[in-house]
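K.L.:
Here is my input; please provide its structure:
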Amino acid sequence: MNDPNEEIQKQKNWYGQNFKTVLNDFNVTSDSGLTSQEAQNRLLQFGPNQITSSGQRGALQLLIAQFSDFMILVLIAAAAISGYVGDATDAIVILVIVLLNAIIGFVQDYRAEKALEALRKMAASHARVRRDGQYQDIAAEQLVPGDIVFLEAGNIIPADLRLIETAELQIDEATLTGESLAINKNTHSLKNAVHALGDHLNMAFKGCVVTKGRGTGVCVATGMDSEFGKIAVLLNNCLLYTSDAADDLLCV
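P.N.:
The predicted structure follows:
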């Protein structure tokens, strides 16, 4: 039998639902919030609210990694054999291809690593929530789906939230959507099934900044399930893609 918490986490159109329905889906009320025990159970289930990567590597490690692929080693061996038998032209061509592949792969991997590091630095360090019926300040990594989170001007939003209360709430989403102006937020559900991310006026997204007012929201996605997390997933995939693309280049 499927876990109900896993089922609600799979839902993506929180913006299309009435916030009371969202609260009910997460089996939580805005007055009491989650219990400490339930929050601990969900933390074990969904994991910490943080942006992760396939493994942070320094510049030297990234450079060495460009020469660790099996195809690269085969080509280096082929270049050595060609040079040994006196075919210098083939050896030079092969080495040039290997070096070009290494440079391209290193630059792309380095940029992806820096982008992931920037995402991690933009994450909030703490969150103000309601648990056991009381206000609590917790580490942002401990936030779980279903937590009732409070926002005020100056806060970095710690996770993706479906807003349930707003008071002149404005959020700067430039880091996520590129929108240069702060967005006025509300709690109204959106009628159409599909909306661009910048049109989700009843949502607050991880990593964005509250510029004015205050609000309350129920956490609907944390860590790599958040919109910022999806960007991190794409960057991680980019690291894998550059390796595959390099293999394709070598095979041409």
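K.L.:
For the residue lying closest to residue 66 once chain neighbours are set aside, pull up the helix or strand it's in.
P.N.:
Nearest residue to residue 66, sequence neighbours excluded (C-beta to C-beta, 6 or more residues apart in numbering): residue 102, at 3.9 Å. Glycine gets a C-beta too; all of them are placed from N, C-alpha and C. Here residue 102 sits within helix 88-121, counting by DSSP states H and E.
K.L.:
Just give me how far that helix sits from the chain centre.
P.N.:
24 Å (C-alpha atoms, centre = their mean, to the nearest Å).
K.L.:
cool, stretch 208-222 as well?
P.N.:
Chain-centre distance of stretch 208-222: 17 Å, with C-alpha atoms, centre = their mean.
K.L.:
re earlier: touching the very next helix or strand once past the helix holding residue 102 from outside, list them.
P.N.:
Downstream of helix 88-121, the next assigned helix or strand under DSSP H and E is strand 126-131. Residues from elsewhere that reach strand 126-131, judged by C-beta atoms under 8 Å, 6 or more residues apart in numbering: 30-36, 39, 135-140, 142-143, 147-150, 158-159.
K.L.:
now these: which count as buried?
P.N.:
Among the contacts of strand 126-131, those buried by neighbour count (16 or more other C-beta atoms under 10 Å) are 33-34, 39, 138, 140, 142-143, 147-150, 158-159.
K.L.:
all strands for this structure, in order.
P.N.:
In the chain, the strands defined using DSSP state E lie at 126-131, 134-139, 148-152, 160-172, 183-184, 203-204, 209-221.
K.L.:
export these to a markdown table and tack on mean pLDDT?
P.N.:
A markdown table is the format used below for those (pLDDT from 0 to 100):
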| stretch | mean pLDDT |
| --- | --- |
| strand 126-131 | 94 |
| strand 134-139 | 93 |
| strand 148-152 | 96 |
| strand 160-172 | 96 |
| strand 183-184 | 95 |
| strand 203-204 | 96 |
| strand 209-221 | 95 |
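K.L.:
Before I go, just wanted to say thanks for your time.
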